[in-house]
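Q: model this:
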Amino acid sequence: MDVERERGDLELRPAEEGDAETLADLFLAAREAAYPAMPRPVHPVESVHRWFRDLVGSRRQTWVAERDGAVVAYLVLEHAWLDSLYVRPGATGQGIGTALLDLAKGLRPEGFGLWVFESNEPARRFYRRHGLVELRRTDGHENEEQAPDVEMAWLGVEPLAALRARIDAVDDELAAVLDRRARLTALVQQHKTVPGHAGRDAAREAEIAERMATRAPRLGPERVRRIMHVVITQSLDAADD
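A: Residues are numbered from 1 along each chain as shown. Just a heads-up that it's a prediction; the model follows:
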């Protein structure tokens, strides 16, 4: 891939050390302009500038978009993740974000993921319009702002393979969780007056299914109830082995 690209009068190039302060200012301005769709940054200004000084030249790939010699946007990629894509306020709606997103697709033909705040509907709409899909939502407990977010992904040139790879990863996590569930089920039998299938508590199982259904709205309460019935049954059978 060419290290420099042009779209009209827009030039895309790898970031240089001298861009760090400009990128920090652009980030801060873009976040302020996006409020309240995006929460304000939690770090002080000097920390933001220090982070950008460390960013340029790091293992992350950082690209900037220039127009008439001025940086108007930037993109940060790290492995299979689009870490950042910001456009300077006043320069949005001119195809600059699209140019950088197309660049990301070219650099990551196998696909990439990203996180966007749930409240940032303009960004979510932009990514959906360019072929990204929403995979899951969280309550935001893992991001610095503690704000609900959405994982999105571009599935690359082979979307079926990309989706199957993600399913395999989820299945690996599910297997580990099922094993933990079975081990805990076996341990709890030692503390029950009536262990095993004879001591099953229908009210507690219903409460478990109801609670889990709120975390799995795609499945719905009845499917979750049936799944948990099988999980508990098989866990109890394993405890008797």
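
Q: run the chain-centre distance for the strand or helix carrying Tyr74.
A: Tyr74 is part of strand 70-78, with elements assigned from DSSP states H and E. Computed by CA atoms, centre = their mean, to the nearest Å, the chain-centroid distance of strand 70-78 equals 19 Å.

Q: average model confidence for that strand?
A: For strand 70-78, mean pLDDT is 98.

Q: and for that strand, what are the contacting residues?
A: Under the criterion CB atoms under 8 Å, 6 or more residues apart in numbering, residues 10, 15, 19, 22-23, 26-27, 55, 59-66, 82-88, 91, 96-97, 100-101, 103-104, 107-108, 112 lie in contact with strand 70-78. C-beta: built from backbone N, CA, C; applies to glycine.

Q: which among these end up buried?
A: 10, 15, 19, 22-23, 26-27, 55, 60-66, 82-88, 91, 96-97, 100-101, 103-104, 108, 112 (16 or more other CB atoms under 10 Å).

Q: so which of these sit within strands?
A: Among those, the members falling in strands (DSSP state E) are 10, 61-66, 82-87, 112.

Q: ok, which stretches of the chain are strands?
A: With DSSP E as the criterion, the chain has strands spanning 5-7, 10-14, 61-67, 70-78, 81-87, 112-117, 133-138, 149-154.

Q: turn the ones in strands among the buried ones among the contacts of strand 70-78 into JSON lines, including distance to Arg223.
A: Listed next are those as JSON lines, based on distance: CB to CB, whole Å:
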{"residue": "Leu10", "distance to Arg223": "49"}
{"residue": "Gln61", "distance to Arg223": "42"}
{"residue": "Thr62", "distance to Arg223": "44"}
{"residue": "Trp63", "distance to Arg223": "44"}
{"residue": "Val64", "distance to Arg223": "48"}
{"residue": "Ala65", "distance to Arg223": "46"}
{"residue": "Glu66", "distance to Arg223": "52"}
{"residue": "Leu82", "distance to Arg223": "33"}
{"residue": "Asp83", "distance to Arg223": "36"}
{"residue": "Ser84", "distance to Arg223": "38"}
{"residue": "Leu85", "distance to Arg223": "37"}
{"residue": "Tyr86", "distance to Arg223": "40"}
{"residue": "Val87", "distance to Arg223": "42"}
{"residue": "Phe112", "distance to Arg223": "31"}
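
Q: which one of these is nearest to Gly156?
A: Phe112 (7.7 Å; CB to CB).

Q: contacts only, for that closest one.
A: By CB under 8 Å, 6+ apart, the neighbours of Phe112 are Leu77, Ala80, Trp81, Leu82, Ala104, Ala153, Trp154, Gly156.

Q: just the buried subset of these, please.
A: With burial judged by 16+ other CB under 10 Å, the buried subset of those is Leu77, Leu82, Ala104, Ala153, Trp154, Gly156.

Q: so what sits opposite the first one in the bridge?
A: Residues in a beta bridge with Leu77, per DSSP bridges, are Gln61, Leu82.
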